[in-house]
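**Q** only geometry, no sequence info:
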Ligand code: ATP
Ligand code: MG
């Protein structure tokens, strides 16, 4: 029996005035997520129906659709005829293996000769006459057999609501630039912001040749996983090798991280402005490491002139972040052992509460503008 996928969307209904705009973006995101597969997408009274696909692709389609933000729930339904035999045949396929059920009907075609209550009652009776082992429980059934009688003589029958990613469609809330490392936190931060509808581009700093190709591949892999949610299939990289060497040679070791991070934020802001991003996003969490104290954040903030910095994980415990990383599928990649640039030249005792006066004194020893310019010359765009 042919199948269809029913898609119900989430918060879109809140945006009454902009509904058309939100729906268009949502539709495009669905199409992008299913790229490479054959299917047809139809809008149908406040939801979407996908059909015309190859049966073998159903699982793959569901997996991909579960990552599209704005999608509330989805169901895989059987497409059948609206006569009782046709509906029964499909209903038997979605009945539970044992236990209790009820039938819930919805009539899109108001000319259908039975009311929805009648359809449920008659179909329930027919199911019982075939499946003597099942019982009806209208209050707390093991499974609800849902029947949707549509115009044009077809009915959709399904028994499951699969939870979607919820949130808002990516592209409805502007664009941001995520500073992505090879760690656990930053991909989670990017996911959270994308969930609110922001298009998240990624920028990674490396210290090649101190960091190797495996470290780079790891970040590309993380960006790829993230792209399943954001639809953005590229990663920007910039080398901070010479910046680190200069700091290492000329500045106090305890300020290494603080100084490096100020370079990263400066470069990130300039890059963000070039690509039209409206904010920076990081995976920082208050107090997690020496550079993530409020003093550390103040020192980074003070070099960013025009854009806000979103730190969605600021109040999260590491365990909470790890849970999310596991859920979104980045954890296994994040814990691979390859070093990212921050671990190169890492001082034994980084300053926990760096003072601006000291930072500025150390920074004065460096050609900040020259180093930034040089770093930009290493900018690479990796598309995948
Ligand atoms: P993560 O798990 O995201 O690497 P972390 O706990 O290791 O975070 P830090 O290394 O202090 O913490 O980095 C804090 C944030 O700074 C990261 O979440 C990320 O947004 C940004 N960041 C750190 N290193 C890099 C890098 N090499 N390239 C781009 N951004 C980085
Ligand atoms: Mg890190």
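**A** Happy to help now that I have it. Source: prediction; values computed, not measured. Residues are numbered from 1 along each chain as shown. Ligands and ions are numbered 1, 2, ... in the order given.
**Q** does the residue of the stretch 51-200 of the chain found nearest ligand 1 count as helix, strand or coil?
**A** Ranked by Cβ to the nearest ligand atom, the top residue of the stretch 51-200 of the chain for proximity to ligand 1 is residue 183, at 2.1 Å. The way it works is simple: take the backbone N, C-alpha and C, and place the C-beta from them, glycine included. What DSSP: H, G, I helix; E, B strand; the rest coil gives for residue 183 is coil.
**Q** Test my guess that it contacts residue 334.
**A** Yes. Counting by Cβ atoms under 8 Å, residue 183 does reach residue 334; the two are 5.9 Å apart.
**Q** Quick test: name the residue nearest the centre of this protein.
**A** By Cα atoms, centre = their mean, the mean C-alpha position of the chain lies nearest to residue 229, the distance being 3.4 Å.
**Q** Off-centre distance for the helix or strand encompassing it?
**A** Assigned by DSSP states H and E, residue 229 falls within helix 213-230. How far helix 213-230 lies from its chain's middle: 13 Å, per Cα atoms, centre = their mean, to the nearest Å.
**Q** Could I get the contacting residues of residue 244?
**A** Going by Cβ atoms under 8 Å, 6 or more residues apart in numbering, residue 244 touches 207, 210, 256, 260, 341, 344, 345.
**Q** okay, now the fourth one: neighbour count?
**A** Here the count is done by other Cβ atoms under 10 Å, and residue 260 has 23 residues near it.
**Q** what about the residue lying closest to residue 81 once chain neighbours are set aside, neighbour count?
**A** With sequence-adjacent residues excluded and distances taken as Cβ to Cβ, 6 or more residues apart in numbering, residue 81 is closest to residue 153, at 6.2 Å. Counted by other Cβ under 10 Å, the residues lying close to residue 153 total 13.
**Q** Next: residue 319.
**A** With other Cβ under 10 Å as criterion, residue 319 counts 8.
**Q** Now the phi/psi pair for it, please.
**A** Dihedral pair for residue 319: phi -60, psi -40, per degrees, to the nearest 10.
**Q** Same question for residue 64.
**A** Dihedral angles for residue 64 - degrees, to the nearest 10 - are phi -70, psi -40.
**Q** what sits against it?
**A** By Cβ under 8 Å, 6+ apart, the neighbours of residue 64 are 33, 34, 228.
**Q** In space, what's closest to residue 99 - neighbours in sequence excluded?
**A** Among residues not flanking residue 99 along the chain, residue 142 sits closest, at 3.8 Å (Cβ to Cβ, 6+ apart).
**Q** Return the residues in contact with the one you found.
**A** 96, 98, 99, 100, 101.
**Q** Now list the buried members of the residues you listed.
**A** Among these, the ones that count as buried by 16 or more other Cβ atoms under 10 Å are 96, 101.
**Q** Looking at the contacts of residue 142, which are in helices?
**A** Applying DSSP state H to these, no entry is found in helices.
**Q** Take the contacts of residue 142 and write them to TSV, including pLDDT and distance to ligand 2.
**A** Formatted as TSV, these follow (pLDDT from 0 to 100; distance: Cβ to the ion, whole Å):
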residue	pLDDT	distance to ligand 2
96	96	47
98	97	50
99	97	49
100	98	51
101	98	50
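**Q** so which pair among the contacts of residue 142 is furthest apart in space?
**A** The span of those, defined through Cβ to Cβ, is set by 98 and 101 at 10.1 Å.
**Q** Give me the common contacts of the two.
**A** Residues touching both residue 98 and residue 101 by Cβ under 8 Å, 6+ apart: 134, 142.
**Q** check contacts around the nearest residue to residue 206 once chain neighbours are set aside.
**A** The shortest distance from residue 206 to any non-neighbouring residue, by Cβ to Cβ, 6+ apart, is to residue 341 (5.4 Å). Residue 341 is in contact with 205, 206, 207, 210, 211, 240, 241, 244, 260, counting by Cβ under 8 Å, 6+ apart.
**Q** related to what we said a few turns ago, just send the contacts of residue 64 back as CSV, with pLDDT and neighbour count too.
**A** Putting these into CSV (pLDDT from 0 to 100; neighbours: other Cβ atoms under 10 Å) gives the following:
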residue, pLDDT, neighbour count
33, 97, 19
34, 98, 20
228, 97, 17
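**Q** For the stretch 101-250 of the chain, which segments are assigned as strands?
**A** Counting by DSSP state E, counting those that start in this stretch, the stretch 101-250 of the chain has these strands, from start to end: 135-136, 143-149, 154-158, 162-163, 175-179, 199-206, 234-239.
**Q** could you redo the ones you listed as JSON lines and give each row mean neighbour count?
**A** Below are the strands of the stretch 101-250 of the chain laid out as JSON lines (neighbours: other Cβ atoms under 10 Å):
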{"stretch": "strand 135-136", "mean neighbour count": "14"}
{"stretch": "strand 143-149", "mean neighbour count": "21"}
{"stretch": "strand 154-158", "mean neighbour count": "24"}
{"stretch": "strand 162-163", "mean neighbour count": "12"}
{"stretch": "strand 175-179", "mean neighbour count": "25"}
{"stretch": "strand 199-206", "mean neighbour count": "25"}
{"stretch": "strand 234-239", "mean neighbour count": "20"}
